[in-house]
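Peer 1: Output the structure for:
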Amino acid sequence: MKMLLIDAGNSRVKWAIVEGGKWLQQNVLENTHAPALNMAFSELPPPDRILISNVAGENMAQQLSTACAAWHCPIEFIVAQVTQCGVLNSYEHPAQLGSDRWAALIAAWHQERASCLVVNCGTATTVDALSAEGEFLGGLILPGVDMMQSSLAAGAAQLVQTEGVWREFPRNTADATFSGSIQATIGAIRLQFEALAVRGGVRCLLSGGAADNVQSRLKLPLVRVDNLVLRGLQIIGQENLS
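Peer 2: Got it, this is the predicted structure:
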């Protein structure tokens with residue numbers, strides 16, 4: 001069975017064609033170019049199933065449905081469950097957990113089968129904790145590095161958003177805002193890592209388009225895993241086949 005997996009995030013749409021556990025094709029498109037999805041998808045082999053994680057809103061859902069309509073096969077918009085693929089969801093209202101976070105947690109659990117911190121650095125940064133038993137304990141959502149900088153520029157009259165570089169002790173405004181955003185992100189991740197480590201051995205799984213900004217400075221036991229959401233969708237799709 002050929003599955004089309006789609007991860008519609010806040011900034012980009014990623015997709016992959018998977019058959020027999022193998023990734024045949026994958027690609028990405030900025031959300032601002034979403035009308036081009038029709039053309040991009042027309043070049044794909046017809047899938048038998050379509051699984052979508054969408055956190056980009058109703059308009060994106062409609063654009064994805066339109067782009068997939070020609071195939072006449074089921075379109076499944078993933079929603080977080082109480083339990084699925086070995087992961088227990090302890091959110092107060094399980095269905096309110098973002099589908100991207102849920103799919104990433106499932107992928108992380110199937111890779112690690114151990115306690116881990118699942119960090120996705122994108123438009124927003126999410127820092128989610130998995131126990132050694134596969135229970136999602138809870139997590140953080142904070143602005144991504146770029147969003148922190150743009151928020152500062154929007155809210156402070158004398159701060160203009162210009163590109164800076166990381167410095168331990170910045171001596172210009174651009175470097176100060178960039179370094180502050182990096183340090184805030186790293187601090188949040190480290191604090192959650194320490195809280196989870198009290199429960200036993202743990203390492204960090206790092207993903208997302210902005211992960212390069214923090215990876216070299218995080219100084220934690222970590223593994224970089226790209227496309228965690230798509231990998232989680234693949235696992236969900238395969239479980240439904242069994």
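
Peer 1: Could you find the closest non-adjacent residue to the spatially most central residue of the chain?
Peer 2: Nearest residue to the geometric centre of the chain (Cα atoms, centre = their mean): Asn120, 4.8 Å. Excluding its sequence neighbours, the residue lying closest to Asn120 (Cβ to Cβ, 6 or more residues apart in numbering) is Gly208, at 4.3 Å. (C-beta placed from N, C-alpha, C; glycine too.)

Peer 1: thinking again about what came up before, hang on, the residue nearest to the centre of the chain in a strand?
Peer 2: Yes - judged by DSSP: H, G, I helix; E, B strand; the rest coil, Asn120 forms part of a strand.

Peer 1: pretty sure it is touching Arg101, no?
Peer 2: Yes - assessed by Cβ atoms under 8 Å, Asn120 is found in contact with Arg101 at 7.5 Å.

Peer 1: which residues sit against the helix or strand where Ile236 lies?
Peer 2: Element membership for Ile236, per DSSP states H and E: helix 228-241. Residues outside helix 228-241 that contact it (Cβ atoms under 8 Å, 6 or more residues apart in numbering) are 1, 3, 5-7, 9, 14-16, 18, 21, 26, 49, 51-53, 78, 84-85, 100, 102-108, 110-111, 118, 120, 205, 207, 225.

Peer 1: ok, 7 Å please
Peer 2: Around helix 228-241, the neighbours that count as contacts under Cβ atoms under 7 Å, 6 or more residues apart in numbering are 1, 3, 5, 7, 14, 16, 18, 49, 51, 53, 78, 84-85, 100, 103-104, 106-108, 110, 120, 207.

Peer 1: Out of the residues you listed, which end up buried?
Peer 2: 3, 5, 7, 14, 16, 18, 49, 51, 53, 78, 84-85, 100, 103-104, 106-108, 110, 120, 207 (16 or more other Cβ atoms under 10 Å).

Peer 1: in the sheet, who's paired with the nearest residue to Val28 once chain neighbours are set aside?
Peer 2: Excluding the flanking residues, the one nearest Val28 by Cβ to Cβ, 6+ apart is Lys14, at 4.7 Å. Beta-bridge pairing of Lys14 under DSSP bridges involves Asp7, Val28.

Peer 1: Grab the longest helix from this protein for me.
Peer 2: helix 173-197 (DSSP state H).

Peer 1: Which neighbouring elements make contact with that helix?
Peer 2: strand 116-121, strand 124-130, strand 135-143, helix 145-155, helix 212-218 (3 or more Cβ pairs under 7 Å, 6 or more residues apart in numbering; DSSP states H and E).

Peer 1: Determine how far the shortest one lies from the middle of the whole chain.
Peer 2: Relative to the chain's own centre, strand 116-121 is displaced by 9 Å; criterion: Cα atoms, centre = their mean, to the nearest Å.
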